[in-house]
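Engineer: Predicted model and sequence below, questions to follow.
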Amino acid sequence: MHSPLTPYRTALLLHWELDELATYFIELQNRMRQTVEDYRSYRQRVLVVDANTLLHCQRLDKIPWSRVCGKGPATLVIPHVVVEEIDTKSYSEGSEKVRKRARGVYELLGDVLKGLSTDGRFELHDGTEVQVLRDELGHRRLPNNDDEAVARAAHLQQAIAPRQITVITRDNGMRGKAMTWCLPWDFPPDKYLVPEDGFGAKHREANLASISVDVPEDGDDT
């Protein structure tokens with residue numbers, strides 16, 4: 001036998017569930033609006049840089065990105081994981097030369113973050129805007145930094161489509177991952193590289209020469 005209070009309890013439970021659903025959809029709507037607002041400022045050309053680029057090129061604030069890797073206004077995007085990777089390299093990885101360079105890069109990134117927190121934007125001398133692609137609350141990173149950086153670039157590509165992003169890197173692993181995700185990639189001209197790091201055209205030619213072999217003529221392959 002049902003209690004006379006049963007209909008009221010059922011109505012109360014339904015009311016609670018509807019309230020929870022309403023709250024959920026309101027929060028979802030607010031997050032969507034915030035996402036649209038976060039990506040509204042991205043310009044036509046978006047360049048996503050990795051730690052390799054920041055460490056082996058000149059200071060990011062000295063490179064005229066509006067004329068590099070394409071022409072026109074650009075937004076330079078640094079994934080959150082790249083900021084932390086530079087921090088780690090500044091004290092725990094590689095040679096003292098790499099650690100010293102990483103500390104310098106991290107100082108520059110500190111200026112970028114400071115500008116973003118106070119003014120909401122950070123602009124370079126040629127008008128290029130710099131953005132840090134922050135992790136959303138609750139975001140779970142991939143174990144490998146390169147995987148994470150490329151995955152965040154792909155996320156950004158989906159968010160701002162049909163505008164196109166380009167991954168800027170000279171790291172073979174990053175380039176391979178970008179190609180796997182069908183993301184365009186490029187790297188700055190040699191004149192913006194740190195010369196002694198061995199990434200320029202002459203070093204690429206030397207690498208190719210090291211694997212050159214004499215190819216036998218037809219019929220002479222025994």
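Structural biologist: Yep, that arrived.
Engineer: what's near enough to touch the spatially most central residue of the chain?
Structural biologist: Centroid check for the chain by CA atoms, centre = their mean gives P79 as the closest residue, at 3.6 Å. Counting by CB atoms under 8 Å, 6 or more residues apart in numbering, P79 touches V48, D50, V132, L133, E148, A149, R152, A153. The C-beta positions use only the backbone N, C-alpha and C, and glycine is treated the same way.
Engineer: which stretch of helix or strand covers the fifth one?
Structural biologist: Spelled out, that is E148. Using DSSP states H and E, E148 falls within helix 145-160.
Engineer: For the following helix or strand past that helix, buried residues please.
Structural biologist: For helix 145-160, the following helix or strand on the C-terminal side (DSSP H and E) is strand 164-168. Neighbour counts over strand 164-168 (16 or more other CB atoms under 10 Å) mark I165, T166, V167, I168 as buried.
Engineer: For beta bridges, what are the partners of the first one?
Structural biologist: By that I understand I165. V46 (DSSP bridges).
Engineer: Give the full set of residues in contact with it.
Structural biologist: V46, L47, V48, V77, A153, L156, Q157, L183, P184.
Engineer: That one and H155: what is the separation?
Structural biologist: 10 Å (CB to CB, to the nearest Å).
Engineer: circling back to that earlier point, between strand 164-168 and the helix holding E148, find me the angle.
Structural biologist: 160 degrees (axes from the mean of the first three to the mean of the last three CA atoms, to 10 degrees).
Engineer: Just the mean pLDDT for helix 145-160, thanks.
Structural biologist: Average pLDDT, helix 145-160: 93.
Engineer: and what of stretch 71-85?
Structural biologist: The pLDDT scores in stretch 71-85 average 93.
Engineer: One more: stretch 19-39?
Structural biologist: So the average pLDDT for stretch 19-39 ends up being 76.
Engineer: before we move on, the earlier item: can you name the residues bridging to the residue nearest to the centre of the chain?
Structural biologist: Following DSSP bridges, P79 is listed with bridge partners L133.
Engineer: show me where the protein has helices.
Structural biologist: For the chain, the helices defined by DSSP state H cover 6-40, 51-56, 80-89, 96-119, 145-160, 172-180, 201-209.
Engineer: show me where pLDDT drops low in this protein?
Structural biologist: Where the chain drops to pLDDT under 70, the residues are 1-5, 31-38, 41, 43, 93, 196-222.
Engineer: now do 90
Structural biologist: Across the chain, the ranges flagged by pLDDT under 90 are 1-45, 68-72, 91-98, 115-121, 134-139, 158-164, 170, 172, 187-190, 193-222.
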